[in-house]
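In: Predicted model follows, preceded by the sequence.
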Amino acid sequence: MSSPAQRIGVFVCDCGLNIAGTVDTEDVARFAKTLPGVAAVVRNRYTCADPGQNEIKKAVVEHHLDRVVVASCTPKIHEPTFRRCVQDVGLNPYLMEMANIREQCSWVHMGDRVGATRKAKDLVRSAVERALLWYASPERLRDLVLERQGTGDAYPGLIVIANHPSLLDALMLVARLPRAACVMKASLMRNPLLAPGARLARYIRNDTPSGLVRLAVDDLRAGGQLVLFPEGTRTTRQPLNPFRPGFTLIAKMARAPIQTVFIDTDSPYLGKGWPIWRLPPLPIVFRARLGRRFEPRDDHHVLVAEVQAHFMQGLRAGPMAQGPRQQE
Ligand code: SF4
């Protein structure tokens, strides 16, 4: 299966002669056009000035860009400027990446035009690769902010469940639900390096099934949000492993509703059996969609089957229903 295309715009700044006096910015722009995922390249005289920013906005709209790379000065100066700029035209501000071709290149390699131009190309290529590697657009996950409307408070006493194709989906979900608690292997909670952070992040240990249920119910009754993966492990049988019943039992005991979240991906990266050191095929795309919210039931076993059927149907109707692409 071919992977969904990213549309990256690269904006190469001259900074008058600050950059263009040393770096051949026209050559850098030509090079950027050859990079994977790059849909538009614009060279600006002063990218941070209004005309330069307007060119970024125009290109985002005209070329349907979904991420932006600005090759200019240090992010310390203008990262907020360019984040605001892309946000003005509806792009997620965190999908703007910078390559520092002034302080890290033209200013330290004056007199070496060939070497500085080569280095500027390397910096631009790295920034484009970082843009390609953004695992998921937080903008696409916006619907996951499970808050009571208008209050900014987390929806209390809610169980959030998702399918589990990769380790990345857990990170994505917890990152979007900062006040949520997650379940962690008891052995990891005894790890002196991981345990303090896990406690601060309100992880719940899974020493025993009954202990896990008790801690989870206490957390939900106290108004917490609990993230669970009912497959019990990462998906090995597409599109879904059989669900385990713990989440419906917890819902029943805490009288907490269950919010379903579908994770769609065509990437096998960090799925079950993927070695941590192995590089992923690019680009990587993960999307999350909210599914139905289920009320707790006394017959919690029946509810497991119903929720699992909802996931099967939702994933098969999703934008990446074929599941992770095969690797040679
Ligand atoms: S964005 Fe940075 S490098 Fe470009 S003109 Fe402005 S200050 Fe100079």
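Out: Cool, got the structure. Numbers count the residues shown, from 1 in each chain.
In: Can you read off the backbone torsions of the residue of the stretch 51-200 of the chain found nearest the ligand?
Out: Closest residue of the stretch 51-200 of the chain to the ligand, C-beta to the nearest ligand atom: Cys73 (3.3 Å). Bear in mind the C-beta positions are built from the backbone N, C-alpha and C, glycine included. When read as degrees, to the nearest 10, the backbone of Cys73 gives phi -100, psi -170.
In: how about it, what does it touch?
Out: Neighbouring residues of Cys73 by C-beta atoms under 8 Å, 6 or more residues apart in numbering: 13, 15, 18, 100, 102-103.
In: Filter the residues you listed down to the buried ones.
Out: Neighbour counting by 16 or more other C-beta atoms under 10 Å classes 13, 15, 18, 100, 102 among those as buried.
In: Looking at strand pairing, list the partners for the first one.
Out: Beta-bridge partners recorded for Cys13 (DSSP bridges): Asn44.
In: contacting residues around Thr248?
Out: Taking C-beta under 8 Å, 6+ apart, we find Thr248 in contact with 258, 296-297, 300-301, 303-304, 307.
In: Show me the helices in the stretch 101-250 of the chain, by range?
Out: According to DSSP state H, counting those that start in this stretch, the stretch 101-250 of the chain carries its helices in the segments 113-133, 167-176, 186-189, 195-200, 209-221, 246-254.
In: Please identify the deepest-packed of these.
Out: Of all these, helix 246-254 has the most neighbours on average by mean count of other C-beta atoms under 10 Å, namely a mean of 22.
In: Up against the ligand, what does the stretch 101-250 of the chain have?
Out: Residues of the stretch 101-250 of the chain found near the ligand (C-beta under 6 Å from any ligand atom) are Arg102.
In: let's see it at 8 Å
Out: Selection of the stretch 101-250 of the chain residues close to the ligand by C-beta under 8 Å from any ligand atom yields 101-102.
In: What average pLDDT does stretch 29-36 get?
Out: What stretch 29-36 shows for mean pLDDT is 95.
In: So is it next to the ligand?
Out: No - using C-beta under 8 Å from any ligand atom, stretch 29-36 never reaches the ligand; the gap is at least 13.8 Å.
In: List of residues touching that stretch?
Out: 8, 10, 12, 38, 41-43, 69, 71, 121, 124-125, 128, 132, 282.
In: which stretches of the protein have low pLDDT?
Out: The chain contains residues with pLDDT under 70 at 1-5, 133-155, 175-176, 178-179, 185-202, 281-284, 325-328.
In: Got the domain ranges for it?
Out: If you go by automatic domain parsing, the domain ranges for the chain are 8-133, 138-316.
In: most packed of the ones you listed?
Out: domain 8-133 (a mean of 19).
In: Need the outlier residue of this protein, farthest from its centre.
Out: Within the chain, Gly111 marks the point farthest from the mean C-alpha position, 41.1 Å out by C-alpha atoms, centre = their mean.
In: what residues are up against the residue nearest to that residue when sequence neighbours are not counted?
Out: Using C-beta to C-beta, 6 or more residues apart in numbering and skipping the chain neighbours, the partner closest in space to Gly111 is Thr22 (7.8 Å). With contacts defined as C-beta under 8 Å, 6+ apart, Thr22 is in contact with 105-107, 109-113, 116.
In: Repeat that for Val28.
Out: The contact partners of Val28, by C-beta under 8 Å, 6+ apart, come to 12, 71, 101, 117, 120-121, 124.
In: Distance-wise, check it relative to Lys58.
Out: According to C-beta to C-beta, to the nearest Å, Val28 stands 21 Å off from Lys58.
In: repeat for Pro242
Out: Computed as C-beta to C-beta, the Pro242 to Lys58 distance reads 51 Å.
In: returning to that earlier point: tell me the one of the contacts of Cys73 nearest Ala181?
Out: Of all these, Asn100 has the smallest distance to Ala181: 39.1 Å, by C-beta to C-beta.
In: Mind listing the residues bridging to that closest one?
Out: Bridge pairing for Asn100 (DSSP bridges) gives the partners Ser72.
In: wait, it sits on Leu123?
Out: Yes - contact criterion C-beta atoms under 8 Å: Asn100 and Leu123 qualify, at 6.7 Å.
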